[in-house]
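1. Give me a model of this one.
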Amino acid sequence: MKKYSTRDVVSAIASTTTYQFNRHGHIEHDVSRDFATHGLLENIIREQQYIESLDASNGVAFQLDRDRSRTWISKEHAAGHRFYHLIAAPKPNPPLAYRFGEVSDLLHEVAVELNIHRAMFSGNPMAVVGIDGYREAELANAFGQRVYERKKNTVFKDRLNAQKRRIKQANAKAMRLIERSMDGRSQLRCERVELTFEREWPELPLKEANKRFQRFLEALYDGGLPSAVAGLWFREHLSETGWRFHFVFLIDGMHPSSARDQVVQELQKLWSQSAKSRGHTFPLLAMQDQPRTWGSTGLLIYVKSQLLDSIALMLHRELHFRLDTPPEMEHFGTIKLASSMNTETSIQGLNGCVAGVQHQASHIPTTHLTALPLL
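-> Here you go, the predicted structure:
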């Protein structure tokens with residue numbers, strides 16, 4: 001699987017921080033306060049840069065030398081600069097309904113153990129901090145070395161590697177779905193939509209939001225969108241919208257009902273019915289200045305690489321922060337429809353199970369509609 005830098009992942013996250021809403025019949029956009037005011041994305045970069053600098057210097061921030069009369073810094077590693085960069089800004093809270101990833105949790109855990117989070121640093125590595133007489137450079141070294149050693153702990157490595165394996169497996173399944181959907185079709189395009197619920201207070205609980213989304217998936221399997229071949233979706237949460245779903249449909253461009261306006265109208269109808277007339281559907285177009293936006297619109301032969309790129313980047317987001325929901329709750333899925341050809345429909349889970357049925361009027365059990373569980 002292709003490797004992505006932290007800035008690549010953060011850029012992909014940033015592309016989904018904007019939400020849409022209908023105001024007096026006009027579609028408007030705004031940036032969620034979950035990301036606009038807390039410095040969350042900047043903190044992700046700071047933490048990753050610090051971790052990478054520790055790896056380069058084996059956990060050492062400052063090389064200290066001493067004689068009988070004095071102590072001095074003989075070498076400052078990049079980890080020293082990154083340490084000050086990391087503690088310069090207060091650690092933000094995760095967005096509502098999310099929790100931080102393993103690396104962020106580790107940094108916080110060690111900071112609490114050493115009381116680093118309460119120390120008042122001046123920015124001068126040789127300055128003495130507190131009544132114990134430790135220099136800032138010594139505290140920076142103690143913090144860095146403990147983080148570096150803890151990262152090599154088997155439990156931490158196993159948890160992180162398990163996440164990476166699941167991301168790799170989910171990405172591979174998405175890639176296979178797209179490849180198989182393209183097979184034998186001369187025109188296959190993406191239609192990206194954002195599915196949200198009408199804003200209400202208190203917001204719709206996760207259990208009810210999921211139930212309505214499952215009804216939407218059932219309606220798709222019952223042939224609600226004849227031109228749709230397959231789909232991919234992410235579940236997200238924003239304070240302003242509550243639970244929402246990014247959905248990319250792969251549309252057979254040669255199907256009689258594949259006209260974009262007709263597809264959008266059918267989607268709006270299906271989502272509204274599934275959400276008990278409290279659902280909103282916002283179609284989204286590709287933007288020239290956001291090549292890695294989750295999904296895009298156009299012929300798939302043109303945007304295939306961008307779509308695969310954006311899927312992988314959104315999956316990697318889970319390494320930095322993820323939805324704090326029950327372990328059995330899936331937040332990414334791939335759906336094979338192929339209802340336009342009246343062929344077998346299947347839903348593939350990350351555990352390798354395949355539920356297959358011939359397309360017919362009877363409903364598929366809700367338990368089979370969960371697709372790819374993510375982390």
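
2. Next, count neighbours for the closest residue to residue 276 other than its chain neighbours.
-> Nearest in space to residue 276, with sequence neighbours left out and distances taken as C-beta to C-beta, 6 or more residues apart in numbering, is residue 212 at 6.8 Å. C-beta: built from backbone N, CA, C; applies to glycine. By the criterion of other C-beta atoms under 10 Å, residue 212 has 19 neighbours.

3. Residue 212 - that's part of a helix, no?
-> Yes: counting by DSSP: H, G, I helix; E, B strand; the rest coil, residue 212 is located in a helix.

4. Return the distance of it relative to residue 191.
-> 21 Å (C-beta to C-beta, to the nearest Å).

5. again, but for residue 124
-> 57 Å.

6. residue contacts, the residue nearest to residue 276?
-> 197, 204, 274-276, 279 (C-beta atoms under 8 Å, 6 or more residues apart in numbering).

7. just those now: which is nearest residue 173?
-> Nearest to residue 173 out of the contacts of residue 212 is residue 274 (C-beta to C-beta; 24.4 Å).

8. so that closest one makes contact with residue 219?
-> Yes: under the criterion of C-beta atoms under 8 Å, residue 274 makes contact with residue 219 at 5.9 Å.

9. So for those two, which residue has more residues nearby?
-> Between residue 274 and residue 219, counting by other C-beta under 10 Å, residue 274 is the more crowded of the two (22 against 18).

10. Now do that one, the pLDDT please.
-> You'll see residue 274 listed with a pLDDT of 94.

11. do residue 129 as well
-> At residue 129, pLDDT is 86.

12. for residue 261, same thing?
-> Residue 261 carries a pLDDT value of 88.

13. what do you get for residue 152?
-> 94.

14. Next, work out how far apart it and residue 97 are.
-> Residue 152 is 32 Å from residue 97, by C-beta to C-beta.

15. Just want to know which of the two has more residues nearby.
-> The residue with more neighbours, out of residue 152 and residue 97, is residue 97; 17 against 9, by other C-beta under 10 Å.

16. Next up, the contacts around that one.
-> 206, 237, 323-325.

17. In strands, which of the residues you listed fall?
-> 237, 323 (DSSP state E).

18. As JSON lines, the contacts of residue 97 with neighbour count, pLDDT and distance to residue 312 would be great.
-> JSON lines is the format used below for those (neighbours: other C-beta atoms under 10 Å; pLDDT from 0 to 100; distance: C-beta to C-beta, whole Å):
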{"residue": "206", "neighbour count": "17", "pLDDT": "93", "distance to residue 312": "26"}
{"residue": "237", "neighbour count": "21", "pLDDT": "94", "distance to residue 312": "21"}
{"residue": "323", "neighbour count": "20", "pLDDT": "92", "distance to residue 312": "18"}
{"residue": "324", "neighbour count": "13", "pLDDT": "92", "distance to residue 312": "23"}
{"residue": "325", "neighbour count": "16", "pLDDT": "91", "distance to residue 312": "22"}
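
19. Among the contacts of residue 97, which one sits closest to residue 118?
-> residue 324 (25.8 Å).

20. quick revisit: could I get the contacts of residue 97 as JSON lines with distance to residue 69?
-> Putting these into JSON lines (distance: C-beta to C-beta, whole Å) gives the following:
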{"residue": "206", "distance to residue 69": "63"}
{"residue": "237", "distance to residue 69": "59"}
{"residue": "323", "distance to residue 69": "56"}
{"residue": "324", "distance to residue 69": "53"}
{"residue": "325", "distance to residue 69": "59"}
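
21. for the contacts of residue 97, which one is nearest residue 142?
-> residue 324 (30.6 Å).

22. and the gap between that closest one and residue 311?
-> Applying C-beta to C-beta to residue 324 and residue 311 gives a distance of 22 Å.

23. for residue 130, same thing?
-> Distance of residue 130 to residue 311, given as C-beta to C-beta: 48 Å.

24. In the longest helix belonging to the chain, which residues are buried?
-> Ranked by residue count and defined by DSSP state H, the top helix of the chain is helix 154-182. Using 16 or more other C-beta atoms under 10 Å as the test for burial, helix 154-182 gives 160, 163, 166-167, 169-171, 173-175, 177-178, 181-182.

25. Can you pick out the most distant pair from these?
-> Top of the distance list for the buried residues of helix 154-182 (C-beta to C-beta): 160 and 182, 33.6 Å.

26. Spell out the residue ranges of the helices in the stretch 1-150 of the chain.
-> For the stretch 1-150 of the chain, the helices defined by DSSP state H, counting those that start in this stretch cover 6-14, 33-36, 40-57, 78-88, 102-113, 136-151.

27. which one of those helices has the lowest average pLDDT?
-> helix 33-36 - the lowest mean pLDDT of those, at a mean of 83.

28. any residues touching it, and which ones?
-> Contacts for helix 33-36 (C-beta under 8 Å, 6+ apart): 13-14, 17, 40-41, 95-96, 238-240.

29. Need the distance between the two termini of stretch 253-262.
-> Using C-alpha to C-alpha, to the nearest Å, the end-to-end distance of stretch 253-262 comes to 12 Å.

30. Just the buried residues of that stretch, please?
-> In stretch 253-262, counting by 16+ other C-beta under 10 Å, buried: 253, 255, 258.

31. ok, those vs residue 7, which is closest?
-> residue 253 (34.6 Å).

32. wait, what's in contact with that closest one?
-> 185-189, 299.

33. do you know how far it is from residue 178?
-> Taking C-beta to C-beta, one finds residue 253 at 15 Å from residue 178.

34. Quick one: the helices in the stretch 251-375 of the chain, in order.
-> With DSSP H, counting those that start in this stretch as the criterion, the stretch 251-375 of the chain has helices spanning 260-274, 300-316.

35. Tell me which of these approaches residue 148 most closely.
-> helix 300-316 (22.8 Å).

36. Which of the residues in that closest one are classified as buried?
-> 300, 303-304, 306-316.

37. In JSON lines, list those along with pLDDT.
-> Output for these, formatted as JSON lines (pLDDT from 0 to 100):
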{"residue": "300", "pLDDT": "67"}
{"residue": "303", "pLDDT": "67"}
{"residue": "304", "pLDDT": "78"}
{"residue": "306", "pLDDT": "78"}
{"residue": "307", "pLDDT": "81"}
{"residue": "308", "pLDDT": "85"}
{"residue": "309", "pLDDT": "86"}
{"residue": "310", "pLDDT": "83"}
{"residue": "311", "pLDDT": "88"}
{"residue": "312", "pLDDT": "90"}
{"residue": "313", "pLDDT": "89"}
{"residue": "314", "pLDDT": "87"}
{"residue": "315", "pLDDT": "91"}
{"residue": "316", "pLDDT": "92"}
